[in-house]
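1. Sequence first, predicted model second:
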2 protein chains.
Amino acid sequence: MRIGELSRRTGVPVPTIKYYVREGLLPPGELSSPNQASYDDGHERRLRLIRALLEVGGLSVAAIGDVLVAIDDKEQPVHKLLGAAAQRLVPEYGDGGGHDDAEVVLARERVTRLVEERGWRVHPGNKAFGALEASLASLARVGHGSFAELLDDYADAAERVARVDLEYTARRVDREDLVEAVVVGTVVGDAMFAALRRMAQVDASSRLFAEERAE
Amino acid sequence: MRIGELSRRTGVPVPTIKYYVREGLLPPGELSSPNQASYDDGHERRLRLIRALLEVGGLSVAAIGDVLVAIDDKEQPVHKLLGAAAQRLVPEYGDGGGHDDAEVVLARERVTRLVEERGWRVHPGNKAFGALEASLASLARVGHGSFAELLDDYADAAERVARVDLEYTARRVDREDLVEAVVVGTVVGDAMFAALRRMAQVDASSRLFAEERAE
């Protein structure tokens, strides 16, 4: 198909498609004449993936490029590939100024204990490990260190969600599908869980504080 | 204390503190002389909260202003206040171009059915409702509509997390504490859950694809 048809099918404007090609996110179309390129279903699918990572995942163009490189690199074994993709999908949290203050040291101890207790095979150098540390340290700094008491309940729920996530990805047979499923599921899954958590909170809050309405 | 001491205690630079005062995020210090203002523990606590919302929550200065207004408005009943704060904490997701295409219509039906089945007291106008719709529509657009089969497992996990979230906030007696706990818990809780989900995924993936290493 021509670029105009690709644009109509995906809702992505032609100049944006050209920009993605220049940035290397999308492979160029095949030249059918010196001035005309032809695009196929593979382009359409890749374009929808880019849009989902941008609009739902909130990833930068550079981060999307990294993820796509990981998908396309057929040399790496699957678990390394999944790890590489997952590392790029960890949101960056503030670290409270870049130094390891008392709160960070305590948070690291707490996270290390959690990982040991659960027998999780996660290296302390993993970005998610650091992100959890940063969250706990931040709670302590704003005087809500006791929120960390909920850590085990959160971890139980996270284990449950991760189990169904992996069952979903393991259904894929094709290597590209597998990584794509991890990428999409991880990014959209965060958004999905956050929305469901808000909805369940609204429900719980409405039940808890309902008597107030009668006042 | 003077502004320099407030800056040392919180790690927030003096010009940044002055900016927050100008933007109305932080109340001005009490003038002890024409050129000198004095700050107290309330300022220090508010400053730490602002920093957490910015650095961990990723909220804009305008969004933080809205949340703080909700905390400080003593006129509203608690459940309205919690609702107002929670609405501002829903991340903005792309809606795929602003029009209700077939994917959005189907996603809305699915979310409506979920809410009915669970008996959740959540209005369709709630921003989290729309965010969940957007996530599901986005999955369908990238050819991963079947990820939505995990919705019930996600909702079970979200209910569990929301229950402990509410138990945590319900421990507060003071009204300002209550809202602050909701705000901090909601924002940092998302970050905490996302990090735990990644860690549990790494563990599950390492167990599932471990045999590949021996190759």
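-> Received the coordinates, thanks. The shown structure was predicted, so the numbers you read here are calculated from the model rather than taken from an experiment. Residues are numbered from 1 along each chain as shown, chains lettered A, B, ... in the order given.

2. Can you tell me which helices and strands the strand or helix carrying residue A:167 packs against?
-> Under the criterion of DSSP states H and E, residue A:167 resides in helix A:151-170. If contacts are counted by 3 or more C-beta pairs under 8 Å, 6 or more residues apart in numbering or on different chains; DSSP states H and E, helix A:151-170 sits against helix A:102-118, helix A:175-208, helix B:151-170, helix B:175-208. For glycine as for every other residue, the C-beta is placed from the backbone atoms N, C-alpha and C.

3. what angle sits between it and helix B:175-208?
-> Helix A:151-170 and helix B:175-208 are oriented at 40 degrees to each other (axes from the mean of the first three to the mean of the last three C-alpha atoms, to 10 degrees).

4. which stretch among the helices and strands packed on helix A:151-170 comes nearest residue B:77?
-> helix B:175-208 (9.9 Å; C-beta to C-beta).

5. Mind giving me the packing neighbours of the helix or strand of chain A with the lowest mean pLDDT?
-> Ranking every helix and strand in chain A by mean pLDDT, DSSP states H and E puts helix A:78-88 at the bottom, with a mean of 71. Counting by 3+ C-beta pairs under 8 Å, 6+ apart, the packing neighbours recorded for helix A:78-88 are helix A:61-72, helix A:175-208, helix B:175-208.

6. what would those look like in a markdown table with mean neighbour count, mean pLDDT and distance to residue B:108?
-> Output for those, formatted as a markdown table (neighbours: other C-beta atoms under 10 Å in any protein chain shown; pLDDT from 0 to 100; distance: least, C-beta to C-beta, whole Å):
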| stretch | mean neighbour count | mean pLDDT | distance to residue B:108 |
| --- | --- | --- | --- |
| helix A:61-72 | 17 | 83 | 28 |
| helix A:175-208 | 23 | 84 | 13 |
| helix B:175-208 | 23 | 84 | 23 |
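
7. What's the mean pLDDT across stretch A:26-38?
-> Mean per-residue pLDDT for stretch A:26-38: 91.

8. State the distance spanning the first to the last residue of it.
-> 13 Å (C-alpha to C-alpha, to the nearest Å).

9. Counting neighbours, which bits of it end up buried?
-> A:26, A:29, A:37 (16 or more other C-beta atoms under 10 Å in any protein chain shown).

10. List the contacts of the second one.
-> When the contact criterion is C-beta atoms under 8 Å, 6 or more residues apart in numbering or on different chains, the partners of residue A:29 are A:3, A:21, A:37-39, A:43.

11. before we move on, the earlier item: could the buried residues of stretch A:26-38 go into TSV alongside secondary structure?
-> Listed next are the buried residues of stretch A:26-38 as TSV, based on DSSP: H, G, I helix; E, B strand; the rest coil:
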residue	secondary structure
A:26	coil
A:29	coil
A:37	strand
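
12. re the thing from before, which two of the contacts of residue A:29 have the greatest separation?
-> Those two in the contacts of residue A:29 that are separated most widely, counting by C-beta to C-beta, are A:21 and A:38, at 13.1 Å.

13. Distance of the residue nearest the centre of chain A relative to chain B?
-> Closest residue to the average C-alpha location of chain A: residue A:187 at 3.0 Å, with C-alpha atoms, centre = their mean. Separation of residue A:187 from chain B (C-beta to the nearest C-beta, to the nearest Å) stands at 9 Å.

14. wait, doesn't residue A:136 sit right on residue A:113?
-> No: in this structure, residue A:136 is not within contact of residue A:113 by C-beta atoms under 8 Å, at 11.5 Å.

15. Of the two, give the one with the bigger neighbour count.
-> The residue with more neighbours, out of residue A:136 and residue A:113, is residue A:136; 27 against 11, by other C-beta atoms under 10 Å in any protein chain shown.

16. in what helix or strand does the more buried one lie?
-> Element membership for residue A:136 (DSSP H and E) is helix A:127-141.

17. Report the mean per-residue pLDDT for that helix.
-> 89.

18. now the angle from that helix to helix A:78-88?
-> Using the same axes, to 10 degrees: helix A:127-141 against helix A:78-88 is 30 degrees.

19. right, is helix A:127-141 up against chain B?
-> Yes: shown here: helix A:127-141 in contact with chain B (C-beta under 8 Å from any C-beta of the partner chain) through A:127-129, A:131-132, A:134-136, A:138-139, A:141.

20. Could you count how many residues lie near residue A:45?
-> Around residue A:45 there are 15 residues (other C-beta under 10 Å).

21. Correction: the previous question concerned residue A:5.
-> Residue A:5, neighbours per other C-beta under 10 Å, totals 12.

22. try residue A:17
-> With other C-beta under 10 Å as criterion, residue A:17 counts 22.

23. Equivalent analysis for residue A:153, please.
-> Residue A:153 - counted by other C-beta under 10 Å - has 16 other residues nearby.

24. would you list the helices and strands packed on helix A:151-170 in TSV and tack on distance to residue B:81?
-> Shown next, in TSV, are the helices and strands packed on helix A:151-170 (distance: least, C-beta to C-beta, whole Å):
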stretch	distance to residue B:81
helix A:102-118	29
helix A:175-208	10
helix B:151-170	12
helix B:175-208	6
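
25. out of those, nearest to residue A:61?
-> helix A:175-208 (14.7 Å).

26. Alpha carbons of stretch A:149-161, in CSV - could you do that?
-> Coordinates of each C-alpha in stretch A:149-161 appear next as CSV, following Å, rounded to 0.1, in the frame of the first residue of the first chain:
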residue,chain,number,x,y,z
GLU,A,149,4.0,-2.1,56.0
LEU,A,150,1.7,-2.8,53.0
LEU,A,151,4.7,-4.1,51.0
ASP,A,152,3.9,-7.8,51.5
ASP,A,153,0.3,-7.3,50.4
TYR,A,154,1.5,-5.4,47.3
ALA,A,155,4.0,-8.1,46.6
ASP,A,156,1.4,-10.9,46.8
ALA,A,157,-0.8,-9.0,44.3
ALA,A,158,2.2,-8.3,42.1
GLU,A,159,3.2,-12.0,42.1
ARG,A,160,-0.4,-12.9,41.0
VAL,A,161,-0.4,-10.4,38.2
